[in-house]
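Participant: Could you look at this predicted model? Sequence included:
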Amino acid sequence: MASSVSGICSSSPSLRPKTPPSAAGRREVASVSFPSGARPPAGDRALPLSLSLARSVAREISAELGRADGAAKKEKCGLEKDSHSLWRRYVDWLYQHRELGLFLDVSRVGFTDEFVEEMEPRFQAAFKAMEELEKGAIANPDEGRMVGHYWLRRSELAPTRTLKAQIEGALDAVCNFAADVVSGKIKPPATSPVDRFTQILSVGIGGSALGPQFVAEALAPDNPPLKIRFIDNTDPAGIDHQIAQLGPELASTLVIVISKSGGTPETRNGLLEVQKAFREAGLEFAKQGVAITQENSLLDNTARIEGWLARFPMFDWVGGRTSEMSAVGLLPAALQGIDIREMLAGASLMDEATRTKVVKNNPAALLALCWYWASGGVGSKDMVILPYKDSLLLFSRYLQQLVMESIGKEFDLDGNRVNQGLTVYGNKGSTDQHAYIQQLREGVHNFFATFVEVLRDRPPGHDWELEPGVTCGDYLFGMLQGTRSALYANDRESITVTVEEVTPRSVGALIALYERAVGIYASIVNINAYHQPGVEAGKKAAAEVLALQKRVLSVLNEASCKEPVEPLTLEEVAERCHAPEEIEMIYKIIAHMAANDRAIIAEGSCGSPRSIKVFLGECNVDELYA
Ligand SMILES: O=P(O)(O)OC[C@H]1O[C@H](O)[C@H](O)[C@@H](O)[C@@H]1O
C-alpha cells in the first residue's frame, strides 16, 4: 500500500475512500495510506487494519477540524461579542458634541488599546501638521499652496488681514446678492414673464457641483425661493433635459457657472450650450449669468467682458472638494433659502472640536483611527456610507470626491510609490438593504460601514403611528440598528455618526468633520491630501482624442470633396492622419460620428471594423483650404 498521505485534512484524493462501505455493510478497506513508518495506534493493532486505520484518520481529521474551528471562533472572537463588554466599550468610547447634538460611536470597530497607543505619535504629528496648516503653512507642497478652507468659517484664523478681508467680503457679497435676488430687488430682465428669479441652473462639475448638490438635497425647503437644478457633465442629452425641464422658466433662471480654474472643459461646454439655448429663446444671457471662479480666470474674464450679472471669487487656497463653505456652496444654498451662517457656525464648532489633541476626544481623529485600523492604512477595505435619511442621499457621493480625490494618490510625501486610497460607496438605508447588504452581511469581507443616524424622524407634531405604538421612523431606526447588529454579528465593523436632525448646522458640522478626518488620515499615511495629479492625466488624454478627431475629420473632408467622393478604409484614414498606431481610436471616433450622422459608412459595418469604408455626408470646401 502506498506509504504517504499528503496531509491529514487536505482534500487530496488519497484520503477519500475509493471504495465506500458496500451496501451489505461489509467494510471495504479504505484506500488510505500513511506516511512512511507511521503506524496505527497500538490500541487499535488488534483491530483489522482497515478499521484501525479509518479510526486513526478520523481522529486526526477531528483534531484538525477542532483546530480549524478554534481558529474560526478566534476570528469570530477577534471582535468582542459579549454584550456587557460591548456596552462598556460603547460607553467608554462614545464621543458627544453637546452643542451640535452630534454623537460618534466607534465601539463596533475592533481596534485594540495597543493599536491606539502605537498610533499616538502619528496622531500627535498629524495634529501638529494641522496646526501649521491652519496658520498658513504650504500644506499643499506639490502645488505650493496654502490650505485655507477652515478660514472660511472663522476668518480671524486667516494668516493675513488681506485674506481675512477677502473672506469676509466674499461672504457679505454672497449674502447681499442672495437677499436681493430672493426679495426681488434684483430681477430677471423684462423678457421674463415674472418679475423675480424662480430657478437656479448651476453649471459646474466635481467640487463645483457635488457640494451644492449634497446640500440642496439635504437642506432645500420643499418650496424654495429658487429651485435648483444642475448641469454637471458634458452630455448633450443631459443638458437638453435640464433646459427642456426649465421650459419658459429659462427666462427667470439665474445661471450660476462655477469653476475654480475657469477652464474645465465640461463646464465650459455646459456654458456654451446654455448660452445657445438663451440665444434661441431670444434671451440675453449676461443679464442672468453669475460666475464663481478665481479672479482673472478665463471664466472670470469672460463674465467681466460680457457684463454678467455678478461674479464671486474662489481662492487658490481652497480646493474644489473643500469649497462648500466658500461662494461655491454658499451662494446656491442662500438662494434656496438655506441659512448659510448656520452652516458656517456648525462647521466652525466642529473645527474647534477637531483641534483637540486627545484622540479620544477628537471625532475626526477617531474616524481616522477607525479608517486606519479597518483598512490597514492602505485602503484594504472600502468605506460604505449608509445614511438612514433620504435627505442625506448624496452624502456618499460628496464623500467619494472628498475622500478618494484626497487619499487616492500614487506617491507619498517622500516620493515612495504607495498607490494609497480609501474607496467610498453607498446610498441610503434602509433602501440599500434591498440592494447590496446581502453581500455586506455574508459575502466578501472587504469593507467597513459608516451609519449616519438622524434621531428626529419628522418635525415636532407631525408624527403618526402606522400601527399601535409604531411609526415609520421606528422602522427606519430598527432597520439601522438591526443592520448594524447583523453586520457586527458576522464580524463586519461599523462606525455610527448620529445627529439629532438634518439642519444647516448639522450639515455644516458633518462636512467639517470629514474634511478634518481626511486631513488627519492623510498625515498619518504621509500623503498630500490637497492636490489631484491623476485628474490632469485624464484631461490631457481627452484633449489628445479630440485632436485626433480633428485630423480624422480633415482627412475625411478632403476625401469627401473629391469627384467622385472617395470613401476611405480605416487603414487609409490612419495613414493619412499619420497615426497608424491610433487605428483603434480612429475606428471609435468614426463609429461615434456615424452614430450621430456626421460620417457615413459607405461600405461594411462597425461590427467588422476592417470592412469599413467611410466618408462625410457634406464636403466643407472652406475647411479644405483652412
Ligand atoms: O472647479 P473646477 O476648476 O472647474 O474643477 C472642477 C473639478 O475638476 C477636477 O476634477 C478636480 O480634480 C476637482 O477637484 C475639481 O473640483
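Facilitator: Cool, the structure landed. Since we're looking at a predicted model, the values are computed, not measured. Numbering: from 1, shown residues only.
Participant: Nearest to the ligand within the stretch 351-500 of the chain, name that residue for me.
Facilitator: Across the stretch 351-500 of the chain, the shortest distance to the ligand (C-beta to the nearest ligand atom) belongs to Glu405, at 5.7 Å. Using the backbone N, CA and C atoms, a C-beta is placed for each residue, glycine as well.
Participant: quick one: contacts of the helix or strand harbouring that residue?
Facilitator: Glu405 belongs to helix 405-407 when assigned by DSSP states H and E. Outside helix 405-407, the residues that touch it by C-beta atoms under 8 Å, 6 or more residues apart in numbering are 206, 321, 379, 420-422, 518-519, 521-522, 525, 527, 529-530, 532, 535.
Participant: mind redoing it with 6 Å?
Facilitator: Arg321, Gln420, Gly421, Leu422, Val518, Ala529, Gln532 (C-beta atoms under 6 Å, 6 or more residues apart in numbering).
Participant: just for this structure, where's the confidence low?
Facilitator: Along the chain, the parts satisfying pLDDT under 70 run over 1-78.
Participant: Which residue would you name as the spatial centre of it?
Facilitator: The centre of the chain sits closest to Gln400, judged by C-alpha atoms, centre = their mean, with a distance of 1.3 Å.
Participant: Assign a three-state SS to that residue, would you?
Facilitator: helix (DSSP: H, G, I helix; E, B strand; the rest coil).
Participant: Contact partners for it?
Facilitator: Contacts of Gln400 by C-beta under 6 Å, 6+ apart are Val424.
Participant: any idea how far the residue in the stretch 51-200 of the chain positioned nearest to the ligand is from Ala547?
Facilitator: Using C-beta to the nearest ligand atom, the closest approach of the stretch 51-200 of the chain to the ligand is made by Glu143 at 11.6 Å. For Glu143, the distance to Ala547 equals 26 Å [C-beta to C-beta, to the nearest Å].
Participant: What of Ala517?
Facilitator: In terms of C-beta to C-beta, Ala517 sits 41 Å off from Ala547.
Participant: try Thr423
Facilitator: 33 Å.
Participant: Between those two, point out the one with more neighbours.
Facilitator: Using other C-beta atoms under 10 Å as the criterion, Thr423 and Ala547 rank with Thr423 on top: 17 against 9.
Participant: check contacts around the residue of the stretch 301-450 of the chain found nearest the ligand.
Facilitator: Going by C-beta to the nearest ligand atom, the ligand is nearest to Gly320 of the stretch 301-450 of the chain, at 2.4 Å. Gly320 makes contact with Gly206, Gly207, Lys260, according to C-beta under 6 Å, 6+ apart.
Participant: what do you get if the cut-off is 8 Å, keeping everything else the same?
Facilitator: Gly320 touches Gly206, Gly207, Ser208, Lys260, Val328, Gln401, counting by C-beta under 8 Å, 6+ apart.
Participant: Same check on Ala218?
Facilitator: Ser391, Leu392, Leu394, Phe395, Val502, Val507.
Participant: tally of neighbours for the last one?
Facilitator: Here the number of neighbours of Val507 (other C-beta under 10 Å) works out to 25.
Participant: do the same with the fifth one
Facilitator: Using other C-beta under 10 Å, the number of residues around Val502 comes to 19.
Participant: Surely it is in a helix?
Facilitator: No: membership of Val502 in a helix is not supported by three-state DSSP, which gives coil.
Participant: Now it: closest residue in space that isn't a chain neighbour?
Facilitator: With C-beta to C-beta, 6 or more residues apart in numbering as the criterion, Val502 has its nearest non-adjacent residue at 5.1 Å, and that residue is Ser391.
Participant: sec struct for the one you found, please.
Facilitator: helix.
Participant: OK, contacts around it?
Facilitator: Glu217, Ala218, Leu219, Val502.
Participant: Equivalent analysis for Leu440, please.
Facilitator: So Leu440 contacts Val384, Phe447, Ala449, Leu487, Arg492 (C-beta under 8 Å, 6+ apart).
Participant: give me the element the third one is part of.
Facilitator: This points to Ala449. Counting by DSSP H and E, Ala449 is part of strand 447-454.
Participant: Contacts for the next helix or strand after that strand, please.
Facilitator: Using DSSP H and E, the helix or strand that follows strand 447-454 towards the C-terminus is strand 465-467. Strand 465-467 has contacts (C-beta under 8 Å, 6+ apart) with Thr471, Cys472.
Participant: roughly how far out does strand 465-467 sit from the chain middle?
Facilitator: How far strand 465-467 lies from its chain's middle: 36 Å, per C-alpha atoms, centre = their mean, to the nearest Å.
Participant: Within the sheet, what are the partner strands of that strand, with directions?
Facilitator: Paired with strand 465-467 in the same sheet, following DSSP bridges, are strand 470-471 (antiparallel).
Participant: Name the residues that touch the strand it pairs with?
Facilitator: Strand 470-471 has contacts (C-beta under 8 Å, 6+ apart) with Asp457, Asp463, Trp464, Glu465.
Participant: Compare these and tell me which is most surrounded.
Facilitator: Asp457 (17 neighbours).
Participant: How about the contacts made by that one?
Facilitator: Asp463, Thr471, Cys472, Gly473, Asp474, Leu476, Phe477.
Participant: Recalculate using a threshold of 10 Å.
Facilitator: Lys389, Asp463, Trp464, Thr471, Cys472, Gly473, Asp474, Tyr475, Leu476, Phe477, Glu501 (C-beta atoms under 10 Å, 6 or more residues apart in numbering).
Participant: between those, which has the most around it?
Facilitator: Lys389 (20 neighbours).
Participant: Could you check how far that residue is from Val552?
Facilitator: From Lys389 to Val552 the distance is 50 Å (C-beta to C-beta).
Participant: Same check on Glu273?
Facilitator: 23 Å.
Participant: The two - which one has more neighbours?
Facilitator: Between Glu273 and Val552, Val552 has the larger neighbour count (other C-beta under 10 Å), namely 23 against 19.
Participant: where's the more buried one, which helix or strand?
Facilitator: helix 533-560.
Participant: For that helix, which residues meet the burial criterion?
Facilitator: Leu548, Gln549, Arg551, Val552, Leu553, Ser554, Val555, Leu556, Asn557, Glu558, Ala559, Ser560 (16 or more other C-beta atoms under 10 Å).
Participant: Now render the residues you listed as TSV, adding distance to Leu440.
Facilitator: Formatted as TSV, the buried residues of helix 533-560 follow (distance: C-beta to C-beta, whole Å):
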residue	distance to Leu440
Leu548	43
Gln549	43
Arg551	49
Val552	47
Leu553	49
Ser554	53
Val555	52
Leu556	51
Asn557	54
Glu558	57
Ala559	56
Ser560	56
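Participant: Show me which pair in those is furthest apart.
Facilitator: Leu548 and Ser560 (18.2 Å; C-beta to C-beta).
Participant: For Tyr530, give me its contacts.
Facilitator: 133, 139-143, 145-147, 149, 317-319, 321-322, 405-406, 518-519, 522.
Participant: again, but for Arg268
Facilitator: Neighbours of Arg268 in contact, by C-beta under 10 Å, 6+ apart: Val203, Thr234, Val257, Ser259, Gly262, Leu298, Leu299, Thr302.
Participant: what's around the closest residue to Gly429 other than its chain neighbours, how many residues?
Facilitator: Closest residue to Gly429 apart from its sequence neighbours, by C-beta to C-beta, 6+ apart: Tyr388 at 4.1 Å. The tally of other residues near Tyr388 (other C-beta under 10 Å) stands at 24.
Participant: What backbone torsions are found at Tyr388?
Facilitator: phi -90, psi 70 (degrees, to the nearest 10).
Participant: In this structure it contacts Thr450, no?
Facilitator: No: the criterion here is C-beta atoms under 10 Å, and Tyr388 misses it with Thr450 at 11.3 Å.
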